[in-house]
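*Asks:* how does the following fold in three dimensions:
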Amino acid sequence: MSDQLNKPLEIWINEDLLLPGVRPAPLLMHLSPPDTNPQLQFWNLLRDKLPELVKIHRFTDLADAGKIVVTPHFISSYYGLHKEAELHKFRRQVLGSKRTLVTFANCLECQAYPGEILFASATYRDKKEKSIPTPPWIYDLGEKVNMPKPSIPTVGFVGNVEYPSRLNTLILRYIKFSDSMVNWMACNLFVNRNLNLGMRRLIARLVRKKIIKEVRKAKNLQISVIERKGDFFSLPVEERNRQRAEYIENIENNAYILAMRGDDNGCYHLGEVMSAGRIPVFIDTNKSLPELRGMKWEDFCVIVPFSEVHRIGDYVQAFHDKLSDDDFAEACRKSRAAFDQLLPHNFVLRSLEIIAKSTN
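*Replies:* This is a model prediction of the structure:
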């Protein structure tokens, strides 16, 4: 533990904002029962570590809170239960009291209030961006059996590209979006923070359709792409299990896996690809990625600016050609190592250092 963290950080949580049965924010993970799902057991490493890092106090009256108040859950959890108005009112009250507010947004387009420490996965390289980039925590697929460097780059993707809705269908029927317009919408902080979810799904559809079209046109790549539409979580359990197995098999069988934004500028897929020790082909929509220590994203990741996606074959080929067989294996190893570095039980130390520094 650093000098700034030589004793547990004291934090306060509002009991009225606790949501029974809902995953807590990372700083409170030890308040919940251990995970038993093998793909989620990395959270248990954080649970074991937290008691020596934080000391939690509870309150119902803000006047009883100390100087650091933590929102108990990811912001998306409150939106899912239609409690966002209650949440935003509380955030304003805490900041109005001159206390420090710490909130985790995960993959959700959310603007930090002035003075709030907001950790988020949907972030932008923009001078107006106040959120702190965090990893897109979702599942750990477990490092897969090492694969040899293929003679031809194999590129996989399984995911939603349609985002169907009546509104989006009507808009696309009457409006033709140029590539430059789609690029502007996909990469712009102001646009994404002010459009509702339905309109951002239109952006996701335009972005993903463009990417899949261009990767299919790349003659130098051996591609394995499965396009889906609709809401995965509304499917029957058997079909969800089948599609999930198909998704994991696609990652196992390909050296390079497409990772791109959806209805926000986060990317859960990126973390899962890294967890499997595969090389992400990250389509960059002006996204601010978490800082890595001792390595660079370019060491194990093909980064393709969205404005250059028509050259995706060139980007993948250039990355592939510079690697020997041993270099390819090392890039896969670094992909998994970066995932490990960004797991919650490691990233939490950075989070606490940021909080401690801001309150000193």
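
*Asks:* could you pull up phi and psi at the residue nearest to the spatial centre of the chain?
*Replies:* The centre of the chain sits closest to residue 136, judged by CA atoms, centre = their mean, with a distance of 2.5 Å. Here is the backbone geometry of residue 136 (degrees, to the nearest 10): phi -90, psi 80.

*Asks:* what's the answer for the one 10 residues further on, then?
*Replies:* Note on residue 146: its backbone torsions stand at phi -60, psi 140 [degrees, to the nearest 10].

*Asks:* quick one: contacts for it?
*Replies:* Residues near residue 146 by CB atoms under 8 Å, 6 or more residues apart in numbering: 277, 329, 332. Just so you know, the C-beta spots here come from the backbone N, C-alpha and C atoms, and that holds for glycine as well.

*Asks:* and residue 9, by the same measure?
*Replies:* By CB under 8 Å, 6+ apart, the contact set of residue 9 is 53-55, 68, 352, 355-356.

*Asks:* wait, the residue nearest to the centre of the chain touches residue 107, no?
*Replies:* Yes. Proximity of residue 136 to residue 107 meets the contact threshold set by CB atoms under 8 Å, at 5.6 Å.

*Asks:* overlap in contacts, these two.
*Replies:* Residues touching both residue 136 and residue 107 by CB under 8 Å, 6+ apart: 121, 266-268.

*Asks:* in JSON lines, list the residues you listed along with secondary structure.
*Replies:* Below are the shared contacts of residue 136 and residue 107 laid out as JSON lines (DSSP: H, G, I helix; E, B strand; the rest coil):
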{"residue": "121", "secondary structure": "coil"}
{"residue": "266", "secondary structure": "coil"}
{"residue": "267", "secondary structure": "coil"}
{"residue": "268", "secondary structure": "helix"}
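
*Asks:* who wins for neighbours among those?
*Replies:* The most crowded member of those, judged by other CB atoms under 10 Å, is residue 121 (28 neighbours).

*Asks:* and it, what does it touch?
*Replies:* 105-108, 133-136, 266-267.

*Asks:* find the nearest non-adjacent residue to it, please.
*Replies:* With CB to CB, 6 or more residues apart in numbering as the criterion, residue 121 has its nearest non-adjacent residue at 3.9 Å, and that residue is residue 266.

*Asks:* quick check: phi and psi on that neighbour?
*Replies:* Main-chain dihedrals, residue 266, degrees, to the nearest 10: phi -100, psi 180.

*Asks:* so who does it touch?
*Replies:* Residue 266 makes contact with 106-108, 120-123, 136, 287 under the criterion CB under 8 Å, 6+ apart.

*Asks:* one more time with 7 Å
*Replies:* Neighbour list for residue 266: 107, 121-122, 136 [criterion: CB atoms under 7 Å, 6 or more residues apart in numbering].

*Asks:* could you pick out the one among those residues with the lowest pLDDT?
*Replies:* Within the set of the contacts of residue 266, pLDDT is lowest for residue 107 (82).

*Asks:* against residue 335, how distant is that one?
*Replies:* From residue 107 across to residue 335, the span is 20 Å (CB to CB, to the nearest Å).

*Asks:* which parts of the stretch 201-350 of the chain are strands?
*Replies:* Secondary structure of the stretch 201-350 of the chain by DSSP state E, counting those that start in this stretch: the strands cover 222-228, 256-259, 279-284, 302-305.

*Asks:* closest one to residue 199 among those?
*Replies:* Relative to residue 199, the nearest member of the strands of the stretch 201-350 of the chain by CB to CB is strand 279-284, separated by 20.1 Å.

*Asks:* for the closest one, packing partners?
*Replies:* Using 3 or more CB pairs under 7 Å, 6 or more residues apart in numbering; DSSP states H and E as the contact criterion, the neighbours of strand 279-284 among helices and strands are strand 256-259, helix 268-275, strand 302-305, helix 325-341.
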